[in-house]
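Engineer: build me a model:
(chains A and B)
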Amino acid sequence: AQSVTQLDSQVPVFEEAPVELRCNYSSSVSVYLFWYVQYPNQGLQLLLKYLSGSTLVKGINGFEAEFNKSQTSFHLRKPSVHISDTAEYFCAVSALNQGGKLIFGQGTELSVKP
Amino acid sequence: KAGVTQTPRYLIKTRGQQVTLSCSPISGHRSVSWYQQTPGQGLQFLFEYFSETQRNKGNFPGRFSGRQFSNSRSEMNVSTLELGDSALYLCASSLGDRLQETQYFGPGTRLLVL
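Structural biologist: Residues are numbered from 1 along each chain as shown, chains lettered A, B, ... in the order given. Predicted structure coming up:
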């Protein structure tokens, strides 16, 4: 079984500051890793994903994440945030043989203040 | 390509009634997964359908069921509604080949049970 822990439920940050949203996972099998963003009253939008290869993954809107197998982490980073980045961010995993089943963390609410 | 569409977007029902939600996947996608999102439990996997067959199932009671049609469209049914079924129901589609899977989400159906 897999599980995902997002270590911060809320992250307040000022505009143009860097941000890191933390995600740790647990799994007995190899997994794929994802970050999704959800804006108010909308569905989930894929930010980035790690399937294999380079451990540094770049996504949309200037976000990137680094897969660390030894620490079972997949933290999301952005060097300079904008007001428009205010949203809820979800880390998720799927086992390699269960691609249609995502296990999500509880979410991190990113609040960017002017 | 058109994205994942879900109908209806909003629904109000009373306890004891049943409800059917519909999801049309991205063209060419053969897998449809359903998730329930609530403030208390977060995002939870309900089930996945691939080629008209349920391929994976989460830990929900039998009141939650689904099906998939030959054109990959999927419906989800909840019978004997309870207050706790109030949630945002999200569907996601993917190619379904279980290799480097990525799920793309629809906007969701918000169900309110009174």
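
Engineer: residues of chain B that sit close to chain A?
Structural biologist: B:4, B:31, B:33, B:35, B:42-45, B:48, B:50, B:55-56, B:58, B:90, B:92, B:94, B:96-108 (CB under 8 Å from any CB of the partner chain). Where C-beta positions appear, they are placed from N, C-alpha and C, glycine not excepted.

Engineer: any of the residues you listed buried? List them.
Structural biologist: B:4, B:31, B:33, B:35, B:42-45, B:48, B:50, B:55-56, B:58, B:90, B:92, B:94, B:96, B:98, B:101, B:103-108 (16 or more other CB atoms under 10 Å in any protein chain shown).

Engineer: what's the spatially most central residue of chain A in contact with, if anything?
Structural biologist: Residue closest to the average C-alpha location in chain A (CA atoms, centre = their mean): A:Trp35, at 3.4 Å. By CB atoms under 8 Å, 6 or more residues apart in numbering or on different chains, the contact set of A:Trp35 is A:21, A:23, A:46-49, A:59, A:63, A:65, A:74, A:76, A:89-92.

Engineer: among those residues, which are in reach of chain B?
Structural biologist: A:46, A:49, A:90, A:92.

Engineer: name the helices or strands packed onto the strand or helix carrying the last one?
Structural biologist: Looking back up the chat, that one is A:Ala92. Assigned by DSSP states H and E, A:Ala92 belongs to strand A:87-95. Contacts defined by 3 or more CB pairs under 8 Å, 6 or more residues apart in numbering or on different chains; DSSP states H and E place strand A:87-95 against strand A:3-6, strand A:23-26, strand A:31-38, strand A:73-78, strand A:103-104, strand A:108-113.

Engineer: and the ones you listed: which comes nearest A:Asp85?
Structural biologist: When the helices and strands packed on strand A:87-95 are compared by CB to CB, strand A:108-113 sits nearest A:Asp85, at 5.3 Å.

Engineer: adjacent strands (with direction) for the closest one?
Structural biologist: Strand A:108-113 has these partner strands in its sheet, going by DSSP bridges: strand A:10-14 (parallel), strand A:87-95 (antiparallel).

Engineer: thanks again, I'm all set now.
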